[in-house]
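Visitor: Would you be able to build a 3D model of this:
(one chain, ligands or ions: 1)
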Amino acid sequence: MIPFNRTCQEVTVLVIAREDRDLPWRERLALRLHMAICAACPVFERQVITMRNAMHQWRNYQEPDSGTDADQQRNGA
Ligand SMILES: [Zn+2]
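Guide: Residues are numbered from 1 along each chain as shown. As a prediction, the model looks like this:
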């Protein structure tokens, strides 16, 4: 068996874990090797990265005017 062989399920867990912490080099290498031979996991990885970027932009967008909507609703009623 190849020592760095991973199932799609294991790779999914690694992709999500990578959002929170740095992976050991063995896991990063296993991830890259799996991405090279798998059709589904690179698609999933792109979705996770897109989601992360969207969440980052959403947080930055919300911060400057938080609470404005509640004030407007109170004044309008
Ligand atoms: Zn896979």
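Visitor: phi, psi of Leu23?
Guide: phi -90, psi 150 (degrees, to the nearest 10).
Visitor: pLDDT at it, what is it?
Guide: If you check Leu23, the pLDDT there is 96.
Visitor: So it sits against Leu14, correct?
Guide: Yes. Applying CB atoms under 8 Å, one finds Leu23 in contact with Leu14, separated by 6.4 Å. Backbone N, C-alpha and C define where each C-beta goes, glycine included.
Visitor: which neighbours do those two share?
Guide: By CB atoms under 8 Å, 6 or more residues apart in numbering, Leu23 and Leu14 have these common neighbours: Leu31.
Visitor: Can you get me a residue count around Ile49?
Guide: Ile49 has 13 neighbouring residues, counting by other CB atoms under 10 Å.
Visitor: How about the residues of the chain by the ion?
Guide: Residues of the chain lying near the ion by CB under 5 Å from the ion: Cys8, Cys38, Cys41.
Visitor: buried ones in the helix or strand hosting the last one?
Guide: So the one you mean is Cys41. Element membership for Cys41 (DSSP states H and E) is helix 40-62. By 16 or more other CB atoms under 10 Å, the buried positions in helix 40-62 come out as Cys41, Phe44, Glu45.
Visitor: Just the closest of those to the ion, please.
Guide: Of all the buried residues of helix 40-62, the ion sits closest to Cys41, with 3.4 Å by CB to the ion.
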